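**Student:** I would like to see how this sequence folds:
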Amino acid sequence: MKVILTIQLALLLSMVGCTQLPKTGDNPGSGASGSATPVTELTADSFFDFLVGETALQRNQPDVAVESFIRLARETRNPRFAEHATDVALQARRFGEAQEAIDLWVTLEPDSMQARQAAVALFVANGQLENVRPHVEQLLRLEPETVDKAFMQINKLLSNHPDREAVLKLVRQLASAYPDLPEAHFAVSQAAWSANEFKSASKAMNEALKLRPEWEMAAVHQGQILQKIDKNKTLSFYDQYLEQFPRANDMRIAYIRMLMEEKEFDRGREQFQKLELANPSNADIALAIGLLSAELNDLQSAEKYFKRALQLGFEDASTVYFNLGRVHEIAQHDAEAMEAYRKVTGGERFIFSRVRYAFLLAKRDGVAAARKYLKTVRVENQQQRTQLLITESQLLRDNNDFRGAYDLLDAYLRKHPDQIELLYDRALMADKIGRLDVLERDLRKLIELRPDNAHAYNALGYSLAERGLQLPEALSLIRKAIELSPDDPFIMDSLGWVYYRMGDLKKGVKYLKQAFDVRSDPEIAAHYGELLWMNGAKEDAKKIWQSALEEHPENEMLLETVKRFRK
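**Tutor:** Next up, the predicted model:
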């Protein structure tokens with residue numbers, strides 16, 4: 001069969017001779033830069049590469065496709081084939097071949113925006129910042145009328161590069177050619193901020209404001225930068241700017257937030273009044289004041305301004321009702337919260353409002369009523385359906401029906417095995433009912449499919465540590481979780497716990513203290529107290545436990561730990 005197919009293909013190619021392949025794309029007669037791209041005459045060998053590449057793509061053989069299209073681009077020197085080879089190589093994560101294809105593409109079409117952007121993205125991803133500059137400079141030259149917008153996006157383009165000092169150096173070099181462009185100085189300031197060079201960031205933003213004093217966005221950023229340098233200078237800057245531009249609402253809101261954070265409540269209320277007086281009929285400002293009040297835990301003011309935004313006809317009423325519901329729920333006004341959530345009729349907060357309504361309904365009428373309600377909620381996509389299923393599982397979990405939650409998730413995953421978002425939740429429930437085989441299988445599968453999921457590494461590592469199994473692997477898993485999410489106190493708790501299980505009490509106490517200092521969660525308190533006790537600091541352990549019990553008197557792990565050690 002293979003011989004016959006080869007003979008047939010050879011006959012086809014001999015009949016074709018030199019074949020013209022039509023260019024794919026929106027405009028067959030022009031390249032990415034708008035210049036005409038000549039039709040390429042394909043030899044039999046080139047046509048064979050094209051067929052092999054396309055067939056490999058259809059059969060999900062990306063490595064074969066990459067080699068074919070790279071060879072095709074190299075031999076034909078057609079920019080369209082170079083572009084296609086770039087796309088295929090990037091999708092296959094064959095970065096060496098992708099760089100070769102991009103280099104060829106840029107050579108063939110030096111004025112192609114798409115080619116230059118692809119080159120920048122690849123060099124940044126590979127950490128080759130030294131190769132980025134000529135491509136960005138060419139991008140800036142290609143679109144002189146939008147160079148200001150380009151500078152506003154440069155730091156986002158370079159955000160994946162870990163060396164912030166090198167990024168700052170590059171942005172400064174690029175901006176040096178545009179000394180009279182405020183956006184260029186803004187870009188330098190952003191890069192300096194990311195590099196923690198706050199004085200340099202302030203100096204660059206000051207240059208931007210000299211060129212465009214009324215630029216409110218720059219002023220807001222300058223205020224944030226100055227907060228890192230000198231509080232008194234910050235207050236003076238806000239006051240002077242708002243005196244010159246009294247209707248700079250975003251600036252005034254930023255000022256209020258800073259004053260409240262610094263507990264300058266009298267000055268904050270004064271700015272609130274000025275903001276309100278200057279915008280008595282502005283629904284957007286009413287909503288902004290409401291959101292700021294909620295953030296500062298001034299629930300009474302938040303409710304007042306959310307209702308005013310509705311009275312003034314704020315266009316997206318669902319957003320206001322959702323935030324009003326959250327304020328009522330935090331204030332434990334459940335009936336009012338449920339009523340507000342019911343009035344969220346669409347938008348990105350629709351599903352979450354239904355989720356919160358279901359939890360409040362379960363609190364009032366029981367889990368069965370809430371589950372019945374969830375089944376009536378309309379969904380627009382699989383993601384929303386998954387969110388409702390997770391909510392239903394959480395309701396059962398909160399009711400200590402771990403078997404019911406596991407069965408619910410397990411039945412759904414058997415029908416929809418591609419919903420990997422549910423693997424983590426099923427693993428947690430498997431742990432609760434003693435199905436450790438399922439827990440380990442699901443978490444390992446999740447790590448394989450989502451290697452950037454810190455919680456999967458942490459959960460598997462903690463589970464192994466808790467059972468005293470494969471402790472070196474448990475430590476490796478939790479270290480990987482820390483690498484992915486270095487500021488998560490629960491992962492830090494796991495790290496301390498695995499060291500404890502490995503017999504290194506000193507390191508265990510160290511990391512659990514770090515976790516507890518960030519978040520005094522009852523389960524972290526239980527672990528931290530246990531290690532303190534085992535380290536001889538029994539009185540400190542008792543204080544930690546007693547404080548946690550006062551806030552969380554029904555936490556099972558905390559109660560079990562205290563009971564075990566008091567015996």
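**Student:** now the strands for the stretch 401-550 of the chain?
**Tutor:** With strands called from DSSP state E, counting those that start in this stretch, the stretch 401-550 of the chain shows none.
**Student:** ok, the chain next?
**Tutor:** Secondary structure of the chain (DSSP state E): strands at 19-20, 41-42.
**Student:** and those, which one averages the lowest pLDDT?
**Tutor:** Among the strands of the chain, strand 19-20 has the lowest mean pLDDT, at a mean of 35.
**Student:** residue contacts, the closest residue in space to Arg308 that isn't next to it in sequence?
**Tutor:** Take Arg308 and drop its neighbours on the chain: the residue closest to it by Cβ to Cβ, 6 or more residues apart in numbering is Ala286, 4.4 Å away. Using the backbone N, CA and C atoms, a C-beta is placed for each residue, glycine as well. Contact partners of Ala286, counting by Cβ atoms under 8 Å, 6 or more residues apart in numbering, are Asn279, Tyr305, Phe306, Arg308, Ala309, Leu312, Phe314.
**Student:** counting neighbours, which of those residues comes out on top?
**Tutor:** Using other Cβ atoms under 10 Å as the neighbour test, the contacts of Ala286 are led by Phe306, with 29 neighbours.
**Student:** relative to Glu67, how far out is the nearest residue to Leu90 once chain neighbours are set aside?
**Tutor:** Nearest non-adjacent residue to Leu90, counting by Cβ to Cβ, 6+ apart: Ala98, 5.0 Å away. Plainly put, Ala98 is 13 Å away from Glu67 if you go by Cβ to Cβ, to the nearest Å.
**Student:** more crowded one of the two?
**Tutor:** More crowded of Ala98 and Glu67, by other Cβ under 10 Å: Ala98, with 26 against 20.
**Student:** max pairwise distance over the contacts of Ala286: which two?
**Tutor:** Asn279 and Phe306 (15.5 Å; Cβ to Cβ).
**Student:** pLDDT weak spots in the stretch 1-150 of the chain?
**Tutor:** For the stretch 1-150 of the chain, applying pLDDT under 70 flags the ranges 1-49.
**Student:** which parts of it are helices?
**Tutor:** Secondary structure of the stretch 1-150 of the chain (DSSP state H, counting those that start in this stretch): helices at 2-16, 44-58, 62-76, 79-91, 95-108, 113-125, 133-142, 147-157.
**Student:** Lys199 touches Asp230, doesn't it?
**Tutor:** No - if you go by Cβ atoms under 8 Å, Lys199 and Asp230 don't touch, sitting 10.0 Å apart.
**Student:** what is the burial count for Ala335?
**Tutor:** Using other Cβ under 10 Å: Ala335 sits among 10 other residues.
**Student:** what residues are up against Tyr321?
**Tutor:** Shown in contact with Tyr321 (Cβ under 8 Å, 6+ apart): Leu310, Ala340, Tyr341, Lys343, Val344, Ser353.
**Student:** and the pLDDT at it?
**Tutor:** The model reports Tyr321 with a pLDDT of 97.
**Student:** and for the one 10 residues further on?
**Tutor:** Looking at Ala331, its pLDDT stands at 94.
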